[in-house]
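Student: below: sequence and its predicted model.
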Amino acid sequence: MANIPSTLRSISKESFASESDRQQAVTEARALIARLETPWETAFRQSWIEPSRMACLEIGNKIGLWTKWVADGSAPKTIEEISKLVTCDIQLLSRVVWQLAGTNLLKVVKPGVFGLTPFTAALGDGPQIASTVTLYFEVQGPALHTLPSYVEDLGFKNPTDQVNGSFAKWAKAPLWEWLKEHPDAEKVIGTVMMTYAGNRPTLSQVYPTDKLLGGTTNENNVVLVDVGGSLGHDLLSFSKISDFKPETLVLQDRAPVLENAGELIPAIKKMEYDFFTPQPVEGAAAYYLHFILHDWPDADCKKILSNQKAGMKKGYSKLLLHEVVLDANEPKETGTASDIAMMAMVSGMERTEAQWTALLGESGFKIVQIYHHGLGAESVIEAEIA
Ligand SMILES: C[S@@+](CC[C@H](N)C(=O)[O-])C[C@H]1O[C@@H](n2cnc3c(N)ncnc32)[C@H](O)[C@@H]1O
């Protein structure tokens with residue numbers, strides 16, 4: 001047993017033959033920590049270490065520490081050297097740096113000299129990873145902190161009302177309404193969605209997208225409508241699979257989101273659309289809803305689905321839902337964490353295959369096939385009008 005710590009220290013990302021081996025090792029390492037820690041250590045980690053660490057990361061975001069350190073060349077620095085990068089009281093800065101060094105997000109290169117780790121370097125390398133920390137403080141954290149008292153108010157019923165949900169209890173407005181008054185948080189959500197998409201299997205990696213290229217029958221030859229497609233990241237990635245004619249891919253979302261999406265490519269047409277109204281693009285090859293229905297309770301999902309049917313051509317148009325399919329027998333943390341976060345933020349939920357089948361069936365659709373990727377919990381559900 002004596003050499004276990006040194007064996008563990010010798011393991012790195014490069015130790016694995018494949019990405020799935022590496023991911024499996026991460027899962028095993030988390031399970032190992034759960035087995036090794038005493039109840040007190042678990043309690044201390046989750047109530048003191050992790051929240052304090054998140055607070056320090058966001059302080060770093062706010063003072064521009066990460067971007068400035070990376071822009072300065074990312075070399076290890078003393079506290080005095082770090083303090084020259086930012087406007088921050090040196091005692092406050094030291095405490096932030098010590099907590100992050102104490103929790104492995106900065107490394108102690110030699111006594112008193114601190115270096116970036118891949119994670120803190122990523123915080124400084126554009127807004128993608130940094131925005132996940134900010135979103136936690138702006139939206140997820142308040143919604144999750146309110147959740148226990150919110151479900152208590154409900155008499156411990158499963159939340160199914162977004163307008164009067166947990167986030168709304170805290171913010172005095174449901175998320176999508178609140179965002180209208182909080183344009184910075186709107187940008188952060190778009191960036192987080194882009195980050196999420198960039199780090200998970202794309203539509204083409206999960207679904208045989210060649211099925212969508214066999215000629216179109218609608219007037220405008222629209223191949224894919226990305227309903228609630230955020231900044232267009234999924235369509236940009238999909239656009240690489242073929243040489244698409246102008247405006248044959250349609251990005252639909254709320255107006256402020258489309259504005260944040262900026263200039264895209266000629267193949268992508270931006271279209272303001274509220275999915276609680278009938279789908280205006282008729283007869284496209286496919287209507288793609290990526291992480292849309294998990295934002296909504298069943299009653300709202302049925303309205304969204306029925307509105308998509310209004311544009312779909314029966315026997316031709318496909319409905320593609322890119323969503324978590326929860327395995328109730330062997331739950332995975334990626335799916336279950338998102339399930340609880342959706343409960344807190346939007347009274348939404350992740351669904352099991354049986355729940356998807358029932359929801360689609362009750363909305364007049366039938367499932368053709370569910371495509372699983374193997375890594376993670378997300379799948380693509382291909383459905384058509386029943
Ligand atoms: C969880 S995000 C998913 C974004 C994108 N599909 C992805 O996977 O990256 C949900 C999206 O739904 C959009 N949305 C919310 N309510 C909407 C509505 N009523 N009509 C259209 N889009 C809406 C949001 O603006 C947001 O872009």
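Tutor: Cool, the structure landed.
Student: count the neighbours of Lys366 for me.
Tutor: Residues contacting Lys366 under the criterion other CB atoms under 10 Å number 12. The way it works is simple: take the backbone N, C-alpha and C, and place the C-beta from them, glycine included.
Student: I'd assumed it was in a helix, is it?
Tutor: No - applying DSSP: H, G, I helix; E, B strand; the rest coil, one finds Lys366 to be strand, outside a helix.
Student: how near is it to Glu382?
Tutor: As judged by CB to CB, to the nearest Å, Lys366 and Glu382 stand 10 Å apart.
Student: try Leu100
Tutor: From Leu100 to Glu382 the distance is 44 Å (CB to CB).
Student: and what of Glu181?
Tutor: 38 Å.
Student: neighbour-wise, which of those two wins?
Tutor: Per other CB under 10 Å, whichever of Glu181 and Glu382 has more neighbours is Glu382, with 17 against 10.
Student: and the nearest residue to the more buried one once chain neighbours are set aside, what is it in contact with?
Tutor: Distances taken as CB to CB, 6 or more residues apart in numbering put Val368 closest to Glu382, at 4.4 Å, once the chain neighbours are dropped. For Val368, the contacting residues are 318, 382-384, by CB atoms under 8 Å, 6 or more residues apart in numbering.
Student: give me the phi and psi for the closest residue to the ligand within the stretch 251-386 of the chain.
Tutor: Here the stretch 251-386 of the chain gets closest to the ligand at one residue, His290, 3.5 Å apart by CB to the nearest ligand atom. The phi and psi torsions at His290 (degrees, to the nearest 10) take the values phi -100, psi 120.
Student: for it, which residues count as its bridge partners?
Tutor: His322 (DSSP bridges).
Student: coming back round to it: quick one: which of the contacts of Val368 sit in strands?
Tutor: Those of the contacts of Val368 mapping onto strands are 318, 382-384, per DSSP state E.
Student: for those residues, pick the one with the most neighbours.
Tutor: Neighbour counts for the ones in strands among the contacts of Val368 peak at Ala383, which has 23 neighbours (criterion: other CB under 10 Å).
Student: ranges for the helices of the stretch 151-300 of the chain?
Tutor: For the stretch 151-300 of the chain, the helices defined by DSSP state H, counting those that start in this stretch occupy 166-171, 175-178, 183-198, 203-206, 233-238, 255-261, 298-309.
Student: do you know which of these lies nearest Glu19?
Tutor: Glu19 lies closest to helix 203-206 among the helices of the stretch 151-300 of the chain, at 12.0 Å (CB to CB).
Student: which strands and helices sit next to that closest one?
Tutor: Judged by 3 or more CB pairs under 8 Å, 6 or more residues apart in numbering; DSSP states H and E, the packing partners of helix 203-206 are helix 233-238, strand 318-326, strand 378-385.
Student: distance of the residue of the stretch 51-200 of the chain found nearest the ligand from Pro159?
Tutor: The stretch 51-200 of the chain approaches the ligand most closely through Met193 (3.5 Å), counting by CB to the nearest ligand atom. In this view, Met193 and Pro159 are 22 Å apart by CB to CB.
Student: kindly report the same for Pro5.
Tutor: 44 Å.
Student: thinking again about what came up before, now the helices and strands packed on helix 203-206 as TSV including distance to Pro51 and mean pLDDT?
Tutor: Converted to TSV, the helices and strands packed on helix 203-206 look like this (distance: least, CB to CB, whole Å; pLDDT from 0 to 100):
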stretch	distance to Pro51	mean pLDDT
helix 233-238	30	96
strand 318-326	26	96
strand 378-385	28	96
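Student: between the ones you listed, which gets nearest to Phe16?
Tutor: strand 378-385 (21.8 Å).
Student: just the angle between the closest one and helix 298-309, please?
Tutor: Angle, strand 378-385 to helix 298-309, by axes from the mean of the first three to the mean of the last three CA atoms, to 10 degrees: 60 degrees.
Student: list the contacts of the top helix by length along the chain.
Tutor: Identified as the longest helix of the chain according to DSSP state H is helix 19-36. Residues outside helix 19-36 that contact it (CB under 8 Å, 6+ apart): 11, 13, 15-16, 42, 333, 374-375.
Student: what does stretch 186-199 give?
Tutor: 127-129, 131-132, 134-135, 138-139, 179, 230-231, 233-234, 237, 256-257, 260-261, 290-291.
Student: now, of those, which are buried?
Tutor: 127-129, 131-132, 134-135, 138-139, 179, 230-231, 233-234, 257, 260-261, 290-291 (16 or more other CB atoms under 10 Å).
Student: next step: the contacts of helix 19-36 restricted to helices.
Tutor: 42, 333.
Student: give the buried residues for stretch 349-369.
Tutor: For stretch 349-369, by 16+ other CB under 10 Å, it's 349-352, 356-357, 359-360, 363, 365, 367.
Student: ok, stretch 168-176 next?
Tutor: 168, 170-171, 174-175.
Student: what residues are up against Tyr273?
Tutor: Tyr273 neighbours (CB under 8 Å, 6+ apart): 227, 252-253, 279-280.
Student: what's the closest of these to Lys107?
Tutor: Closest to Lys107, out of all of the contacts of Tyr273 and judged by CB to CB, is Asp253, at 40.2 Å.
Student: write out the residues of the stretch 151-300 of the chain neighbouring the ligand.
Tutor: Residues of the stretch 151-300 of the chain lying near the ligand by CB under 6 Å from any ligand atom: 176, 193, 197, 228-230, 234, 253-254, 257, 273-276, 290-292, 295.
Student: below-threshold pLDDT in the stretch 101-250 of the chain: ranges please.
Tutor: 215-220 (pLDDT under 70).
Student: ok, the closest residue to Ala341 other than its chain neighbours - contacts?
Tutor: Excluding the flanking residues, the one nearest Ala341 by CB to CB, 6+ apart is Gln140, at 5.8 Å. Taking CB under 8 Å, 6+ apart, we find Gln140 in contact with 341, 344-345.
Student: which of those come close to the ligand?
Tutor: Answer for those near the ligand: none qualify (CB under 6 Å from any ligand atom).
Student: those residues, buried ones only, as a PyMOL selection?
Tutor: Remark: buried members of the contacts of Gln140, expressed as a PyMOL selection using 16+ other CB under 10 Å:
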select buried, resi 341+344+345
